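Engineer: return a 3D structure for these sequence lines:
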Amino acid sequence: MSADELALLRAELGAPPPESFGSLDDTQARTLTQTLRRARERRASGLNEAVEDALTLVPALTREPLRRMLFR
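Structural biologist: Prediction:
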């Protein structure tokens, strides 16, 4: 794996990758990095949707102040 691909993977993981990842070629490392990024984006999107759904249970006049308090 090239140093560039290793740096991208490290950034996506937020930590050094396991030693076994060193056996990946550049294409495999790039695919893994992209897959991890898409999974993180899907999880964030799902969480945002869940928060918005939960806020519908709060009276309308208090939603914006509550949203500001929780998500500054």
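
Engineer: is Leu13 in contact with Leu36, as I believe?
Structural biologist: Yes: the criterion here is C-beta atoms under 8 Å, and Leu13 meets it with Leu36 at 7.0 Å. Using the backbone N, CA and C atoms, a C-beta is placed for each residue, glycine as well.

Engineer: for the protein, what's the longest helix?
Structural biologist: helix 26-55 (DSSP state H).

Engineer: what is that one packed up against?
Structural biologist: Helix 26-55 sits against helix 3-13, helix 60-70, with contacts defined as 3 or more C-beta pairs under 8 Å, 6 or more residues apart in numbering; DSSP states H and E.

Engineer: any idea which of those is most buried?
Structural biologist: Highest mean neighbour count among these (mean count of other C-beta atoms under 10 Å): helix 3-13, with a mean of 14.

Engineer: quick one: that one to helix 26-55, angle?
Structural biologist: 20 degrees (axes from the mean of the first three to the mean of the last three C-alpha atoms, to 10 degrees).

Engineer: and Glu12, how far is that from Ser23?
Structural biologist: Per C-beta to C-beta, to the nearest Å, Glu12 is found 18 Å from Ser23.
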